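K.L.:
Curious how this folds, go ahead:
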Amino acid sequence: MKCTVYEAPTGNPLADAHLFSFDRVHHLYDDQDPRDIATYRARAEEVLRTYADDTRASLVEALRSFHAQIGASAAQNRALDRLAQPDAVAVVTGQQAGLFTGPVYSLAKALTAIGVARELERRLERPVVPVFWIASEDHDAEEVNHAHVVDRLGEVARIQLPHRFEPHQMVYCEALTARDVRSALNQADERLAEASHKLEALHAVWSAWRDGDSLAMWFARIMAKLFAEHGLVFFDPCLPAIRRLAWPVFRRALEDVEEVQRRLDEAYAEVERAGFVPEVVRDPRHSTVFAVIDGKRFVLETGGPGFVARGHGEAGALSEWLERGDLDPTGFSANVLLRPVVQDVVLPTLAYVGGPSEIAYYPLSRGVFHAHGRRMPPVILRQRMRLVPPSVARLMRKHELSLDELRHPCDLVAGRVIADVAEPLQREIDGWMERVRAMLGNLEASYGEAGPDVRAILERHVRTEERAWRDLERRVVRAWKRRRQDEIRQLRQIERCLFPDGHPQERRLCPLNFWSEVGTQAFSELPTWSSISQMGPVLDVVMDN
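P.N.:
The predicted model follows:
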């Protein structure tokens, strides 16, 4: 396995400012410079001063049970034991629970958290544990109910869960059926090309599912398998015991809703004054809390003397909602800006590893942190990662292509196959048409006195002549393509792997293509980037046999 590392902008203006010119935006991140080890020393002291022993004990007890449910490995359980130590802190990352782990960047987040935790443990001389937050409370099924692979024909194919999630339904609260799981696996089997580890990969995914599992639980089991050799702790915010720990955050968000909104207004204004467009659209009536009713999430918005569940209609005074939460805190959930505060209260969070969008919305969440009397943690851009399976690596060598020249989407067929004939053919036809126009111009000059019809006749002739030659050009190019079909198919396969549908691989493809070629063990060998001095690198990983 070979790895090349380089730096590149993310394309998100605020994330890039955080990455390359932190001094410009330091105030938006509470001066938490993620490149300075002093930031983490001070943060660790602050966390351990405020994080209660009984909170840690309740957290670890809940996660032990969860680890047992998902079949966590010995290494993962040892990491949980380390999290139980009174001086332990956590590097947290997380992602929605997508089908087959969702896009590859789910793995990149976990790998970054593992690597950064390892480096900070060494430098801070205290236990630093990587924790993966499974966003099981998400209710946008359209984002998680499918996965993409490159199929047998080299095209990007969508694999879809047949399960119908109702609007507002939290992924955590909806069990999949055996039919749902078999359908997704059958689609994967039909679409994936035959490979040496294909059966192993599909069996691993199938065996990870248990009757009654939600997509979130299935996701957790698959991730636990892929990272079995790493000391990664898995965390589900919807576990009842975790919700009990989070309830004080929900309670305060409702009790101090006016202060939360004032602080959010300030945070949005600061981001705009700094010259950036806020990453999350402002919703001034959203309390930052959702009500969970029959497993569905509804925005709790301010209305009248209390709050109303938007889209559901249930209304009540503040005291009624608080009484409900005191009895059953599983009836509440955090929005995207409150979630980081819940994370800080429930976990001894040293730092958070996120993608470009998360780096860009944390300055907005900063307003919620301040309303809750807290400072935001340092945030670290995850490694970006591109995987090259053996089949694609062989094709690249055959066509003498390097990853350096494929850092951006390109049309290899147009540049390397069609250009061989299309460009010289076009030059010849363009030259011929110039000569034709010159000849007809001479005819017009000689015989134009015969009347205006001569000019019209000559112009029609030019158009007819050009159509005929362009048609010939298309026919020759098509014939050339037919002759070089194998080469075109191979180049398209490279394109689809590295830039499926023109998107970065890590944001589109799930791991199945790679898993089926290299097997489960190879995922334990993927590089974990650990340098806080060079955050957010791009890793090109050739998974060659």
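K.L.:
In this structure Pro537 contacts Thr4, no?
P.N.:
No. With contacts counted by Cβ atoms under 8 Å, Pro537 stays clear of Thr4, the gap being 9.9 Å. Backbone N, C-alpha and C define where each C-beta goes, glycine included.
K.L.:
Neighbour count for these two, which is higher?
P.N.:
Pro537 (19 against 14; other Cβ atoms under 10 Å).
K.L.:
Could you look up the SS state of the closest residue to the more buried one other than its chain neighbours?
P.N.:
Using Cβ to Cβ, 6 or more residues apart in numbering and skipping the chain neighbours, the partner closest in space to Pro537 is Val5 (5.0 Å). Secondary structure, DSSP: H, G, I helix; E, B strand; the rest coil: Val5 is strand.
K.L.:
what's the burial count for Val5?
P.N.:
Neighbours of Val5 under the rule other Cβ under 10 Å: 14.
K.L.:
Then Ser73?
P.N.:
With other Cβ under 10 Å as criterion, Ser73 counts 18.
K.L.:
For it, list the residues it contacts.
P.N.:
Ala224, Phe227, Ala228, Glu229 (Cβ atoms under 8 Å, 6 or more residues apart in numbering).
K.L.:
picking up where we left off before, distance of the residue nearest to Pro537 from Val144?
P.N.:
30 Å (Cβ to Cβ, to the nearest Å).
K.L.:
Could you report the pLDDT at Ser530?
P.N.:
pLDDT, Ser530: 79.
K.L.:
Use 15 as the first number for this chain going forward.
P.N.:
Done: numbering now begins at 15, and the last item shifts to Ser544.
K.L.:
tell me which element Asp95 is part of?
P.N.:
Element membership of Asp95 [criterion: DSSP states H and E] is helix 88-97.
K.L.:
who does that helix touch, helix- and strand-wise?
P.N.:
On a contact count with 3 or more Cβ pairs under 8 Å, 6 or more residues apart in numbering; DSSP states H and E, helix 88-97 meets helix 67-84, strand 142-149, strand 247-249.
K.L.:
closest to Gln504 out of these?
P.N.:
Counting by Cβ to Cβ, Gln504 lies closest to strand 142-149 out of these; the figure is 36.7 Å.
K.L.:
So Glu157 is in contact with Leu113, correct?
P.N.:
No. Glu157 is beyond contact range of Leu113, at 10.3 Å (criterion: Cβ under 8 Å).
K.L.:
Give me the more crowded residue out of these two.
P.N.:
Remark: of Glu157 and Leu113, Leu113 carries more neighbours, 25 against 12, as counted by other Cβ under 10 Å.
K.L.:
Phi first, then psi, for the closest residue to the more buried one other than its chain neighbours.
P.N.:
In space, Leu113 comes closest to Ala161 once its chain neighbours are excluded; the distance is 4.3 Å by Cβ to Cβ, 6+ apart. Main-chain dihedrals, Ala161, degrees, to the nearest 10: phi -150, psi 160.
K.L.:
Across the sheet, point out what pairs with Ala161.
P.N.:
Applying DSSP bridges to Ala161 gives these bridge partners: Ile173.
K.L.:
dump the residue contacts of it.
P.N.:
Per Cβ under 8 Å, 6+ apart, neighbours of Ala161: Gly112, Leu113, Phe114, Gly116, Arg172, Ile173, Ala198, Ala202, Cys524, Leu526.
K.L.:
Could you find the closest non-adjacent residue to the first one?
P.N.:
Same thing as Gly112. Val158 (4.4 Å).
K.L.:
My guess is that neighbour contacts Gln110. True?
P.N.:
Yes. Applying Cβ under 8 Å, one finds Val158 in contact with Gln110, separated by 5.2 Å.
K.L.:
Looking at these two, which one has more neighbours?
P.N.:
Val158 (22 against 19).
K.L.:
Quick one, grab the pLDDT at the more buried one.
P.N.:
93.
K.L.:
what do you get for Glu487?
P.N.:
68.
K.L.:
Between Val158 and Gln110, which contacts overlap?
P.N.:
The contact lists of Val158 and Gln110 share Gly116, Asp152, Val185, where a contact means Cβ under 8 Å, 6+ apart.
K.L.:
what residues are up against the last one?
P.N.:
Yep, that's Val185 we're talking about. Per Cβ under 8 Å, 6+ apart, neighbours of Val185: Gln110, Ala111, Ser150, Glu151, Asp152, His153, Ala155, Val158, Phe179, Ser228, Leu229, Ala230.
K.L.:
ok, those vs His40, which is closest?
P.N.:
Gln110 (29.7 Å).
K.L.:
what is that closest one paired to in the beta sheet?
P.N.:
Applying DSSP bridges, one finds that Gln110 bridges with Ala149.
K.L.:
any idea how far Arg488 is from it?
P.N.:
45 Å.
K.L.:
With Gln83 instead?
P.N.:
Gln83 is 60 Å from Arg488, by Cβ to Cβ.
K.L.:
Looking at those two, which has the bigger crowd around it?
P.N.:
Neighbours were counted for Gln83 and for Arg488 using other Cβ under 10 Å; Gln83 has more, 17 against 10.
K.L.:
give the contact list for the nearest residue to that one once chain neighbours are set aside.
P.N.:
Sequence neighbours aside, Met231 is the residue nearest to Gln83 in space, at 7.2 Å (criterion: Cβ to Cβ, 6+ apart). Met231 sits next to Gln83, Ile84, Arg224 when contact means Cβ under 8 Å, 6+ apart.
K.L.:
again, but for Leu523
P.N.:
Pro117, Val118, His162, Val163, Val164, Val170, Cys511, Pro514.
K.L.:
Return the distance of it relative to Arg510.
P.N.:
9 Å.
K.L.:
Give me the common contacts of the two.
P.N.:
Val164, Val170.
K.L.:
how many neighbours does Pro319 have?
P.N.:
Residues near Pro319, counting by other Cβ under 10 Å: 10.
K.L.:
these two touch, right, it and Ala331?
P.N.:
Yes. Contact status for Pro319 versus Ala331: in contact at 5.4 Å, counting by Cβ under 8 Å.
K.L.:
of the shared contacts of Val158 and Gln110, the lowest pLDDT goes to which?
P.N.:
Asp152 (88).
K.L.:
Quick one: residues contacting the residue lying closest to that one once chain neighbours are set aside.
P.N.:
Once flanking residues are discounted, Asp152 sits nearest to Gln110: 5.0 Å by Cβ to Cβ, 6+ apart. Neighbour list for Gln110: Gly116, Ala149, Asp152, Glu157, Val158, Val185 [criterion: Cβ under 8 Å, 6+ apart].
K.L.:
With just CA atoms, put the helix holding Asp95 into PDB.
P.N.:
Presented in PDB, the C-alpha positions along helix 88-97 are these (Å, rounded to 0.1, in the frame of the first residue of the first chain):
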ATOM      1  CA  ALA A  88     -10.900  -6.200  21.900                       C
ATOM      2  CA  ALA A  89      -9.000  -3.100  20.700                       C
ATOM      3  CA  GLN A  90     -12.200  -1.000  20.700                       C
ATOM      4  CA  ASN A  91     -13.100  -2.300  24.200                       C
ATOM      5  CA  ARG A  92      -9.600  -1.500  25.500                       C
ATOM      6  CA  ALA A  93     -10.100   2.100  24.200                       C
ATOM      7  CA  LEU A  94     -13.300   2.300  26.100                       C
ATOM      8  CA  ASP A  95     -11.500   1.200  29.300                       C
ATOM      9  CA  ARG A  96      -9.000   4.000  28.700                       C
ATOM     10  CA  LEU A  97     -11.800   6.500  28.300                       C
END
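K.L.:
got the contact list for it?
P.N.:
70, 73-74, 77-78, 81, 86, 102, 104, 141, 143-145, 238, 241-248, 362.
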